[in-house]
Structures are given as C-alpha cells and as structure tokens.
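K.L.:
need the 3D shape of this:
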Amino acid sequence: MRARAIDVLIRGAGPVGCALALALRGSRHTVAIAGAAPAGPGLQPAFRPIALSYASRLILERLDAWRGLPTTPIETIHVSQQGGFGRTVMQAADSGVPALGYVTEYAALLALLQQRCRDLFLEGEAEARCVVHAEGSAAEAHEKRYAQHAVVAMVGTEPASRTLAFERFTPEGPLALLPLQGGYAVVWSCRPERAAELARRPEDRFLEALAAAAGRRPGKPVQVRSRAVQPLALRVHPARRGERAVYIGNAAQTLHPVAGQGLNLGLRDAWDLSRAFLESEDPGDERVLARYAASRSLDARSAIGLTDALAGMFLGAHPIARAARGAALTALDLLPGPRRFFARRMIFGPSALP
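P.N.:
Sure, this is the predicted structure:
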C-alpha cells in the first residue's frame, strides 16, 4: 500500500517541532509530526530549566500555548564576574518590555505543546513535499566540544528569589541563577572533572561552593535538589536546507547555554519557517527554502558567535584580562543605548537592529 502524502512532515516532537506544527495547523498545507507521541503519566522527567525570551512568549501566545504554562518572570538581569570589579544591570523597563524573559521547566513546556497538537502526530508512514528536521543534532553536524560541563540544579535560598536573574562569569565558565518558583534554577558551567565532583558533593559542601562562586547578592543557598551534569558542545549543521528538506532548532544549531539563546532561536526558526510556508504554494520548493535559509542566517550566526564568545571570554584569572573584562562590563552599564540594544537583541533577534 502506498504511503499517504502530506505537505509538511516534521521529524521531531520537541517544542520547536510542535510550535511549527501549531503555526501551520488550519492552513492550506497538511502537516504531521513524526516522533514520539505524548505519553500518559509516567516517570518524573529530569529537571531541565529553560529561559524563554519575551519574543518567545509572543510566539507561544499566537499559538495559544502560553496560558497555563507555569513561569517566573525575569524583570532584571545582574551580570558580573567572580573575583573582579565591573557589573552591568539590564532591566525590562529599559528595553520597553514587561519582562526580559520567563523561566519554566522544559517538561512543562513540552507537555503543553504536545497536548495542543495531539491530533497532528503521525501513525504510520507518509510521503511529504517537504521534510522539516527538528529532531536534534544530526551526525553530519560540525561539532566543537567545550572543555566545560554544566551542573544543573534547583536551589532554595534565603531570602527567596523574586524576579532577578544572575549571570556570573567565573574563571571556569558562566554561572546562571534563574528565578523559579521562589528558588533558583542553577546552570553552572565548569571543568568536566569539577562538574562531576560538584554533583557528588554532600549538600552542605555543594551549597558552600555555590555561595562562594555566586556571591552574596542572590542570597544564602540553603537547599539543593535535582542535580545533574550535562556535557556542553556547539553543533552546527553544514546547511539549513536540502532537497525538499529544511533544518530548524537543535537540528540546525545546538548552542552553549550561556545567555539562554538555544530554544529561543529555535522558536524563531519555527515561526519564520511557518510564515515562509504560508506564503508559498509548494513548501518544498527550492526557492522557498533558499529564501528561508537566507532570512535566518543573520540571527543564527550572531547567536552562535555570541554564545561561543561568552563561553570562553571570561575564562581564566589573569589580572590584566580580568581588569579588561571589568572595564567592559562597567562601560556597558554606563551606556544605556548599547545596553538596551544588547538586551533587545537577546530578546528579539535581528528585529532589534536599527
């Protein structure tokens, strides 16, 4: 029996693939998701915090996939370096948005999106005019492994967190503390052997190390749960498109978690691709895919370059380098125009450009 034909087949049932499916549902193009269908209650998923930008909120609202998602807003981000002077503070009001971002758990977002598109999951095989790869990094992706692993954990503090996030650059790598449900979701990048040792430490010794790295501003860490270690790498697919095929999200690029750009970039991939498909008769037409790939190039290249640079530029403890970094942070804090542009670039992508 011949497989039935559809217009757009999305391989991958993560947030990016589901977002694209929802953006195309009800259009002139038939769409289906090839991936693991949403399961019923089962094992508790691993703790995985994510920071959604305000632009990602707008995308999810348009997909009717925001209401009901438990989030904690980020109204202020405090950026500093351990053991050195200089800091900068970015605030939502300065950027003309109600929040710079929102912190939630990956599992909660995935469950909401998959529930919204349950009827689009594919049973059996299908031929498609265009295959969208959103299933994660492919074997042919170019890879750069960082000499860092990330310790991910949920930490309780006294006082409780509110709407202030911290990006702290340490000599071993960036440390993010993201407000979530009164505590902080911690993403701590450091040497692989150090990450493994931190994950094994008794609770009190882990909290002592975190307090020393984070400084006093986030409050006193008093408890930790859900510790895990994640290797870090940059993976970039050599092409965003192929013959009647296109790559989005982690299938196109997997980033270092510093600055929280990965999923937000993927959601912009999905939204822009849906606009390209909606304007075309044939979603797999070479010209359609070429225009889409070209339109995403600036956003992707700048996000890749920025996160790759931030992952390494604060490493080490040389006094001269530390002083230069402190001067750069101080200058950014004193110049509202560049600071506002930087914040809006992280939120909106290239649309923040003049």
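K.L.:
can you name every helix or strand that the helix or strand harbouring Thr157 contacts?
P.N.:
In the assignment (DSSP states H and E), Thr157 maps to strand 142-158. The contact analysis (3 or more Cβ pairs under 8 Å, 6 or more residues apart in numbering; DSSP states H and E) places strand 142-158 against strand 173-180, strand 183-190, helix 192-200, helix 203-214, strand 220-236, helix 286-313. Every C-beta, even on glycine, is put in place using the N, C-alpha and C of the backbone.
K.L.:
what's the angle between that strand and strand 183-190?
P.N.:
140 degrees (axes from the mean of the first three to the mean of the last three Cα atoms, to 10 degrees).
K.L.:
in its sheet, what does whichever helix or strand comes after strand 142-158 sit against?
P.N.:
As assigned by DSSP H and E, the chain's next helix or strand after strand 142-158 is strand 164-170. Sheet pairing of strand 164-170 (DSSP bridges) gives strand 76-81 (parallel), strand 173-180 (antiparallel).
K.L.:
check which helix or strand Ala139 maps to.
P.N.:
Counting by DSSP H and E, Ala139 is part of no helix or strand.
K.L.:
from Asp308, how far out is it?
P.N.:
21 Å (Cβ to Cβ, to the nearest Å).
K.L.:
of the two, which one has the most company?
P.N.:
Just comparing Ala139 and Asp308: by other Cβ atoms under 10 Å the higher neighbour count belongs to Asp308, 17 against 5.
K.L.:
tell me how many other residues crowd the closest residue to that one other than its chain neighbours.
P.N.:
Using Cβ to Cβ, 6 or more residues apart in numbering and skipping the chain neighbours, the partner closest in space to Asp308 is Leu234 (5.8 Å). Per other Cβ under 10 Å, the neighbour tally for Leu234 reads 18.
K.L.:
Pro45 now?
P.N.:
Using other Cβ under 10 Å, Pro45 has 12 neighbouring residues.
K.L.:
let me see the contact set for it.
P.N.:
Tyr106, Ala107 (Cβ atoms under 8 Å, 6 or more residues apart in numbering).
K.L.:
where does it land on pLDDT?
P.N.:
The model reports Pro45 with a pLDDT of 80.
K.L.:
what of Ala293?
P.N.:
Confidence score, pLDDT, at Ala293: 97.
K.L.:
residue contacts, it?
P.N.:
With Cβ under 8 Å, 6+ apart, Ala293 has these contacts: Ala239, Arg240, Arg241, Val246.
K.L.:
my understanding was that the third one contacts Leu289; is that so?
P.N.:
What that stands for is Arg241. Yes - here Arg241 reaches Leu289: they are 4.2 Å apart, a contact under Cβ atoms under 8 Å.
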